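Participant: the amino acid sequence is not available; the structure is as follows:
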């Protein structure tokens, strides 16, 4: 027995591995990574030094000191205070970035809502509705976005009535006007205690979130549903409304009025902004609609049949059963679509919208002349926004993916 035990113990002893520096896989992996990093670093160093030398030979200035220099031009659309001859090129860059983010953010929200609606309509049992949705998708997807932007700017907004014949979009209330110079609407002016209504609204939003979690837990435990939509809407409107009335309605409106050849007061959106927003929304919604349709079709039909067998209405089955499962297939292409919305907004330069490309990389570049720095800053801005969108949606994508055991 002793001899057998000794033999078993010796059999479990692993032989010593011989280390060969030239043929070891770990060494080769580290070597090639260091080699790649070195080559990339050398290329970057060569490009930077070569560019700096060429600029110096031509007598061109380099550096980012121009950002504090005053800019001598104005823009027709800005959300930050700026005065020509006083504001700096750094201020111009911020204005261009904010203008780009504004139109991109609104286009992302609108195209997502419209894309989901059209994607669902593509699968409608109504022949006419399904064919209309198909026609919209095929026509818009197969037409260049630049042509659509120019069409809305030249073929729609440029043909609107003049200022004195403006269209009253408020049905006689005279608080919203549309003409060939843009959209003019009333703008709220908050009073001293309006912040209390904002705090009440934030509390209501938190309450809606807590209510939704409680309703889900209650349904899981008892099987009984709670009318979360009605309760949430009541909470969102009643609580801030009561605070708003209790504080004396601290909100006034700056209404646009016709003075001379244009409107004064209120808020104004130029035709270029409206044309770009509509074109970006319609174009990307058509692409998202196909992703939504494909995502819904990827869900097994048995899921729909089981939901209908349990007594759910088709609309409830779609929103509670099908769409949540289809999001696993919809989110990955939607990431690229949202990034394309931001990047395609740069086509606004064709119609004169004051985005970061038109303001900073065109007008400011022609005056200041710091081409490398300005182009690099613009590229870094778009890259940062795209990576941020990708990172946030990838977090959501991981949450909706199936977890395999």
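Facilitator: Structure's in. What do you need? Remember, it's a predicted structure, so these values are computed and weren't measured experimentally.
Participant: per-residue pLDDT, the closest residue to residue 84 other than its chain neighbours?
Facilitator: Take residue 84 and drop its neighbours on the chain: the residue closest to it by Cβ to Cβ, 6 or more residues apart in numbering is residue 74, 4.5 Å away. Where C-beta positions appear, they are placed from N, C-alpha and C, glycine not excepted. Among the per-residue scores, residue 74 shows a pLDDT of 80.
Participant: with residue 28 instead?
Facilitator: Here the pLDDT value assigned to residue 28 is 72.
Participant: in what helix or strand does it lie?
Facilitator: Using DSSP states H and E, the element containing residue 28 is helix 25-57.
Participant: returning to that earlier point: the residue nearest to residue 84 - how many residues pack around it?
Facilitator: With neighbours defined by other Cβ atoms under 10 Å, the count for residue 74 comes to 14.
Participant: and it, that's in a helix?
Facilitator: No. Counting by DSSP: H, G, I helix; E, B strand; the rest coil, residue 74 is not part of a helix but coil.
Participant: does it touch residue 86 like I think?
Facilitator: No. Because the distance of 10.8 Å does not satisfy Cβ atoms under 8 Å, residue 74 is recorded as not touching residue 86.
Participant: what separation is there between the residue nearest to residue 84 and residue 367?
Facilitator: Using Cβ to Cβ, to the nearest Å, one obtains 12 Å as the distance from residue 74 to residue 367.
Participant: would you state the strands of the chain in chain order?
Facilitator: Counting by DSSP state E, the chain has these strands, from start to end: 167-168, 176-179, 182-185, 187-190, 251-254, 257-259, 262-264, 267-269.
Participant: switch those over to a markdown table; also include mean pLDDT and mean neighbour count.
Facilitator: Conversion of the strands of the chain to a markdown table gives the following (pLDDT from 0 to 100; neighbours: other Cβ atoms under 10 Å):
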| stretch | mean pLDDT | mean neighbour count |
| --- | --- | --- |
| strand 167-168 | 86 | 12 |
| strand 176-179 | 88 | 20 |
| strand 182-185 | 88 | 22 |
| strand 187-190 | 87 | 12 |
| strand 251-254 | 86 | 13 |
| strand 257-259 | 83 | 12 |
| strand 262-264 | 83 | 15 |
| strand 267-269 | 87 | 16 |
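Participant: so for residue 51, which of those strands sits nearest?
Facilitator: Closest of the strands of the chain to residue 51 is strand 267-269, at 39.7 Å (criterion: Cβ to Cβ).
Participant: what is the closest one packed up against?
Facilitator: Other helices and strands packing on strand 267-269, by 3 or more Cβ pairs under 8 Å, 6 or more residues apart in numbering; DSSP states H and E, are strand 182-185.
Participant: tally up the residues packed near residue 399, please.
Facilitator: Residues contacting residue 399 under the criterion other Cβ under 10 Å number 10.
Participant: and it, how far is that from residue 377?
Facilitator: Following Cβ to Cβ, the distance that separates residue 399 from residue 377 is 34 Å.
Participant: any weak-confidence spans in the chain?
Facilitator: The chain contains residues with pLDDT under 70 at 1-24, 52, 55-56, 58-63, 400-405.
Participant: mind jotting down where the helices sit in it?
Facilitator: Applying DSSP state H to the chain gives helices spanning 2-11, 25-57, 89-121, 127-141, 145-150, 194-222, 228-246, 271-297, 301-309, 314-317, 323-344, 356-358, 365-368, 371-400.
Participant: distance to residue 164 for these - can I get that in JSON lines?
Facilitator: Listed next are those as JSON lines, based on distance: least, Cβ to Cβ, whole Å:
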{"stretch": "helix 2-11", "distance to residue 164": "100"}
{"stretch": "helix 25-57", "distance to residue 164": "52"}
{"stretch": "helix 89-121", "distance to residue 164": "28"}
{"stretch": "helix 127-141", "distance to residue 164": "35"}
{"stretch": "helix 145-150", "distance to residue 164": "27"}
{"stretch": "helix 194-222", "distance to residue 164": "35"}
{"stretch": "helix 228-246", "distance to residue 164": "36"}
{"stretch": "helix 271-297", "distance to residue 164": "17"}
{"stretch": "helix 301-309", "distance to residue 164": "56"}
{"stretch": "helix 314-317", "distance to residue 164": "47"}
{"stretch": "helix 323-344", "distance to residue 164": "35"}
{"stretch": "helix 356-358", "distance to residue 164": "30"}
{"stretch": "helix 365-368", "distance to residue 164": "36"}
{"stretch": "helix 371-400", "distance to residue 164": "40"}
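Participant: buried deepest among the ones you listed, which one?
Facilitator: For the helices of the chain, average neighbour numbers computed from mean count of other Cβ atoms under 10 Å are highest in helix 356-358, which has a mean of 24.
Participant: contacts for that one?
Facilitator: Residues outside helix 356-358 that contact it (Cβ atoms under 8 Å, 6 or more residues apart in numbering): 93, 96, 97, 99, 100, 346, 348, 349, 352, 378, 381.
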